[in-house]
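[1] got a predicted model here, sequence first, then my questions.
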Amino acid sequence: MSNFTGITATMNPLAEMAQFKQNMREVAASPEWRTSKLIERQRWNPYSMEGGSTAAISGDNFAIVASDTRMTQNDINILTRDAEKIHVLNDSIILSTSGFYGDVIQLRKVLQSRLHKYRFDYRADMSADLCAELLSRNLYYRRFFPYYTGAMLAGIDENGKGAVFSYDPIGCIERLGYSASGAAEPMIIPFLDCQIGHVTVAEDYEKPPLTIERAISLMKDAFRGAAEREISTGDKIHLVIAEAGKPIVQKFLPLRED
Amino acid sequence: MFLTRSEYDRGVNTFSPEGRLFQVEYAIEAVKLGSTSIGIRTKEGVLLAAEKRSTSKLMVNDAIEKISKVDQHVAVTFAGLIADSRTLVERAQIEAQNFWFTYNRKIRVEDVTQSVANLALQFGDDDVKASMSRPFGVAMLFAGVDQEGAKLFHLDPSGTFIDCKAKSIGAASDGAEQNLKEQYHDALTLKEALKQVMEEKLNAANVEVVVIKPTTDEKGRQIGQFERVSDAELDQVIAAL
């Protein structure tokens, strides 16, 4: 330890103080907020967020998707109370979206045209499995200018099982039992984790099986809860129910309008 | 049939007054000049066999490839102008890869055939749109196993394709097909099919054989596996005849 010079040996307090004063003068002369932050604020943003939330639950032979129908500007100004964020693409595929509505419209159009062409090319309706992969590819094509859509794909897969596919903005795909996206995602996910995933309940807590009735009522609860606490979520619940071997059913239920 | 030559066999896409496209019909004739290929569909998979005609003993016979791999689960063999087949096989390979890339799923055998059939008709004498100035002079047999099971499709130069149980194309196709008609039954095994083929097709190593056997992929879906039958295995079958 005797020959340890340490930090103190290289420090010169006087020079350091002089440097500090110099830095202070520079910062006072041109503060950061006047330069970089100001430029940041003036730069045009290609994206806007119209708020709203969406969630999907899959069961053994069903998938249900829900979203609110509110579209907002800056979370406060309601643009419309009838924005549809769930898009039924064919008899077994449901696309649900949140985020930037301009991208949502474009993405829906891209998928619709691909599905249309698929029918002609392969003489069959595309299955949810295939569409899930197709969506993933399409999102990744826009790797450096992504669709800001928070997309989820739900439906009945080729084996007649309910399916929910969740994506990040650049197409990382995951098949899950349930998922949510949008403004109230941080509120809906823990609720579903508790009620469906049973990951946040005690060992001996009652864990009822997931029937379609239970899934629907959980979905309603999730959105009532979200509308209570999240201001860009509200107006109506758009509920879409896909059950194996049955046509897709769509419902609209009232939600808080304030 | 071809003795009545007329102006109508010049333009590749001009109908004759009798409603015929002579160049396409001639292309179908070109197929009959090619070496023979046979495809047989069984419950245990599909078998393709192709005769490799060597015109000279100075020719290296192993270098000829008469059965091409389109994808893991699809093989194709052809008769006619072999050079023309390269374009078509490449289209099949691209289409198969493209489907897999987009949908993460192996393409159906019928859909590969369909895409090649679309290309087969894209000929014409204008320089702009057409990729080919004349019809392709090849017939092809697409064999494979997909989710729907073992499949065999015959594609001719007119772009028509037909789902077959067994089919022969090329020079000796008439005789071979007569035999197939007599011998084929629905419970045929791959081994019997191979024997059948070797009876048709003579002797030793001037024949190339590929089988596509059904297997399952990592998600449990049915798919085919491309396998070349080795010379040793062929010799065994021939010895047992």
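    Perfect, thanks for sending it. Just so you know, these numbers come straight off a predicted model, no measurement behind them.

[2] now residue A:189: closest residue in space, sequence neighbours ignored.
    Nearest residue to residue A:189, sequence neighbours excluded (CB to CB, 6 or more residues apart in numbering or on different chains): residue A:180, at 5.2 Å. In this view, the C-beta of every residue, glycine as well, is placed from N, C-alpha and C.

[3] pretty sure the one you found sits in a strand.
    Yes. Residue state for residue A:180 (DSSP: H, G, I helix; E, B strand; the rest coil) corresponds to a strand.

[4] for it, give me the pLDDT.
    On the pLDDT scale, residue A:180 is placed at 97.

[5] swap in the one 4 residues further on?
    Turning to residue A:184, the model gives it a pLDDT of 96.

[6] contacting residues for the nearest residue to residue A:126 once chain neighbours are set aside?
    Closest residue to residue A:126 in three dimensions, ignoring its sequence neighbours and counting by CB to CB, 6+ apart: residue A:118, at 4.7 Å. Going by CB atoms under 8 Å, 6 or more residues apart in numbering or on different chains, residue A:118 touches A:124-126, A:130.

[7] which among these count as buried?
    Buried members of the contacts of residue A:118, counted by 16 or more other CB atoms under 10 Å in any protein chain shown: A:126, A:130.

[8] re earlier: secondary structure element for the residue nearest to residue A:126?
    Taking DSSP states H and E as the criterion, residue A:118 maps to helix A:101-122.

[9] sorry, back to before: and which of the contacts of residue A:118 is nearest to chain B?
    Taking CB to the nearest CB as the measure, chain B lies nearest residue A:130 of the contacts of residue A:118, at 4.5 Å.

[10] quick check: nearest residue in space to that closest one, chain neighbours excluded?
    Distances taken as CB to CB, 6+ apart place residue B:103 nearest to residue A:130, at 4.5 Å, with adjacent residues excluded.

[11] redo the contacts of residue A:118 as CSV? Include secondary structure and pLDDT.
    What follows is those, written out as CSV (DSSP: H, G, I helix; E, B strand; the rest coil; pLDDT from 0 to 100):
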residue, secondary structure, pLDDT
A:124, coil, 93
A:125, coil, 95
A:126, coil, 96
A:130, helix, 96
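
[12] ok, then the element right after the helix-or-strand element of chain B with minimal mean pLDDT?
    Ranked by mean pLDDT, DSSP states H and E, the helix or strand of chain B with the weakest confidence is helix B:190-200, at a mean of 79. Helices and strands here follow DSSP H and E; after helix B:190-200, the next one along the chain is strand B:207-216.

[13] can you give me the end-to-end span of stretch B:126-134?
    With CA to CA, to the nearest Å as the measure, the ends of stretch B:126-134 fall 11 Å from one another.

[14] contacting residues around residue 160?
    All of this refers to chain A. Taking CB under 8 Å, 6+ apart as the contact definition, residue A:160 lies against A:61, A:244-245.

[15] should've been chain B
    residue B:117.

[16] quick one: the strands in chain A, in order.
    Per DSSP state E, chain A has strands spanning A:53-58, A:62-68, A:71-73, A:77-80, A:86-90, A:93-96, A:152-156, A:162-167, A:173-176, A:178-182, A:236-243, A:249-254. These are given in chain order.

[17] can I get those strands in TSV including mean neighbour count?
    Compiled in TSV, these are given as follows (neighbours: other CB atoms under 10 Å in any protein chain shown):
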stretch	mean neighbour count
strand A:53-58	29
strand A:62-68	28
strand A:71-73	18
strand A:77-80	13
strand A:86-90	19
strand A:93-96	28
strand A:152-156	28
strand A:162-167	24
strand A:173-176	14
strand A:178-182	27
strand A:236-243	21
strand A:249-254	12
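
[18] between these, which gets nearest to residue B:196?
    Residue B:196 lies closest to strand A:152-156 among the strands of chain A, at 43.6 Å (CB to CB).

[19] just give me the residue closest to the centre of chain B.
    Centre of chain B computed as the mean C-alpha position; nearest residue by CA atoms, centre = their mean is residue B:141, 2.1 Å away.

[20] and that residue, backbone torsions?
    Torsion angles at residue B:141 (phi, psi; degrees, to the nearest 10) stand at phi -120, psi 120.

[21] surely it meets residue B:161?
    No. Counting by CB atoms under 8 Å, residue B:141 does not reach residue B:161; the two are 10.1 Å apart.
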